[in-house]
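Engineer: Okay, sequence plus prediction incoming.
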Amino acid sequence: MKNFFVIYQRYLDEINNSVIIGGLQTYIENLVPIITKLDYHVTIIQHSNYDFCKDLMPNFQVVGVATRNKNKHTDLVKKARSLGDTENDILLFTTTTLVCKHNFKKSIAIQHGIYWDCETIHGKKVKFPFDMLLKYIQSFKEYKLVHKVDKIVCVDNNYVNWYRAGFLDRKLNYEVIPNFADIAAQGGRKHKENADGKIKIIFARRFEPIRGVELLPEIIDTLSGKYNNVYFTLAGKGSRLNFLKEKFAGYGNVEFKEYAPSEAISMHKEFDIAIVPTIASEGTSFSLLEAMAAGCAVVCSDVGGMANIILDEYNGLIVKPRAKCFIDAISKLIENDGLRNSIVDKALETVRVSFCKEKWERSWIDVIKGLE
């Protein structure tokens, strides 16, 4: 049986023996069954505090490599080399930031969207002009990394357009495979009539600044003062959770909840409107597609790959990442049932045709077979 090695920063928490929840974990857990069906043995190789090997299911295991430097990914590649055949096996880097020198003849890296469009570097705010040079260097490193593999799988066209415009290079060996929503398994709720007159709005993201959490106070305060029938659910967790809980303590129309990735679509079915006010670092957002698949009317920012998904006033509303723009767009949906219902219908069709799991699987099969 052939081997398929997956280089991953940290997939399994070796302390409590559990999979670490996140968007990348969801992506890889959906990809592994495709690879095993093609008669590969899949081994995820990750950083760890000590060496371990754990079988998760037939032909799928996780190998931990004890490393002092969690940014030295060559240790993971060396482990793959010791376990396999560099001539015939396939090496996959789960993100381009993990790409490093290797000698596998067949290799892939996944590019999850432009991530250097945020205002910080390593958590520190960028200052003009000298730190702008660091931003350029950060993006140039990406250019150098993607040439170390045979194939780049991009989740959006935004990255491809950046690459072409920035480096005037048409030789990149890439495939665009957008993210997906499993609408066949869970989605398909049509718009509904609210007998109680409530408009339920959800923000379901990590509570981090780049996901737009700093916009929420103005959005919620303004809309709560404007309408007496709007209710908000903030679903997720993250570094700004306490900030949000303190801000909305005592609000009768704001609730908090957590959810597992597998529950995302079913949870969104309870809501009328979903907002995705991302500030930076976004591909073809799982959260956006899941909300669309669940029958929510969506409002998102014009950041990253979300512009590859939404046509304004057709299958959603797409606006600048500013609180006032979101307030105006949400107000439009609250006051116009016809527009809201039309958007829901078109959003469902968009996911069903262009962003369904079946299409995503077919595209990945073509990529893998193309390397054989």
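Structural biologist: Now that the structure is in, tell me what you want to look at.

Engineer: and the nearest residue to Glu255 once chain neighbours are set aside, which of the three is it?
Structural biologist: In this structure, Glu255 finds its nearest non-sequential neighbour in Thr233, 5.3 Å apart by C-beta to C-beta, 6 or more residues apart in numbering. All C-beta atoms are positioned from the backbone trio N, CA, C, and that covers glycine. Following DSSP: H, G, I helix; E, B strand; the rest coil, we place Thr233 in the strand state.

Engineer: what does Asn228 give?
Structural biologist: Following three-state DSSP, we place Asn228 in the coil state.

Engineer: Pull up the pairing partners for the longest strand seen in the chain, direction included.
Structural biologist: Of all the segments of type strand in the chain, defined by DSSP state E, the longest one is strand 40-48. Applying DSSP bridges to the sheet, strand 40-48 is found paired with strand 2-8 (parallel), strand 60-66 (parallel).

Engineer: Quick check: Lys105 touching Ile90?
Structural biologist: No - the pair Lys105 and Ile90 does not pass the contact test of C-beta atoms under 8 Å, sitting 9.2 Å apart.

Engineer: burial measure for Leu24, as a count.
Structural biologist: By the criterion of other C-beta atoms under 10 Å, Leu24 has 17 neighbours.

Engineer: in whatever helix or strand it lives in, what's buried?
Structural biologist: Per DSSP states H and E: Leu24 is located in helix 23-37. By 16 or more other C-beta atoms under 10 Å, the buried positions in helix 23-37 come out as Gly23, Leu24, Gln25, Thr26, Tyr27, Ile28, Asn30, Leu31, Val32, Ile34, Ile35, Thr36.

Engineer: What of stretch 326-346?
Structural biologist: Neighbour counts over stretch 326-346 (16+ other C-beta under 10 Å) mark Phe326, Ile327, Ala329, Ile330, Leu333, Ile334, Arg340, Asn341, Ser342, Ile343, Val344, Lys346 as buried.

Engineer: What of stretch 250-259?
Structural biologist: For stretch 250-259, the neighbour count (16+ other C-beta under 10 Å) marks Asn253, Val254 as buried.

Engineer: that older thread, next, count neighbours for the residue nearest to Glu255.
Structural biologist: By other C-beta under 10 Å, 19 other residues sit near Thr233.

Engineer: quick one, helices of the stretch 51-200 of the chain?
Structural biologist: 74-83, 130-145, 157-167, 183-186 (DSSP state H, counting those that start in this stretch).

Engineer: Below-threshold pLDDT in this protein: ranges please.
Structural biologist: Applying pLDDT under 70 to the chain flags residues 120-132, 135, 168, 184-195.

Engineer: Counting residues, which helix of it comes out longest?
Structural biologist: Of all the segments assigned as helix in the chain under DSSP state H, the longest by residue count is helix 337-354.

Engineer: which secondary structure elements does the helix holding Leu24 contact?
Structural biologist: Applying 3 or more C-beta pairs under 8 Å, 6 or more residues apart in numbering; DSSP states H and E, we find helix 23-37 packed against strand 2-8, strand 40-48, helix 357-371.

Engineer: wait, which of these is closest to Phe180?
Structural biologist: Relative to Phe180, the nearest member of the helices and strands packed on helix 23-37 by C-beta to C-beta is helix 357-371, separated by 4.1 Å.

Engineer: That closest one: which residues count as buried?
Structural biologist: Lys357, Trp360, Glu361, Ser363, Trp364, Ile368.

Engineer: Columns distance to Asn242 on top of these, output as TSV?
Structural biologist: Output for the buried residues of helix 357-371, formatted as TSV (distance: C-beta to C-beta, whole Å):
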residue	distance to Asn242
Lys357	35
Trp360	36
Glu361	40
Ser363	41
Trp364	39
Ile368	43
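
Engineer: Between which two of the residues you listed is the distance greatest?
Structural biologist: Taking C-beta to C-beta as the measure, the buried residues of helix 357-371 span a maximum distance of 16.3 Å, between Lys357 and Ile368.

Engineer: Name all residues that make contact with Gly23.
Structural biologist: By C-beta atoms under 8 Å, 6 or more residues apart in numbering, the contact set of Gly23 is Pro261, Phe286.

Engineer: quick one, the longest strand of the chain and helix 357-371 angle?
Structural biologist: On the basis of axes from the mean of the first three to the mean of the last three C-alpha atoms, to 10 degrees, strand 40-48 is oriented at 100 degrees to helix 357-371.
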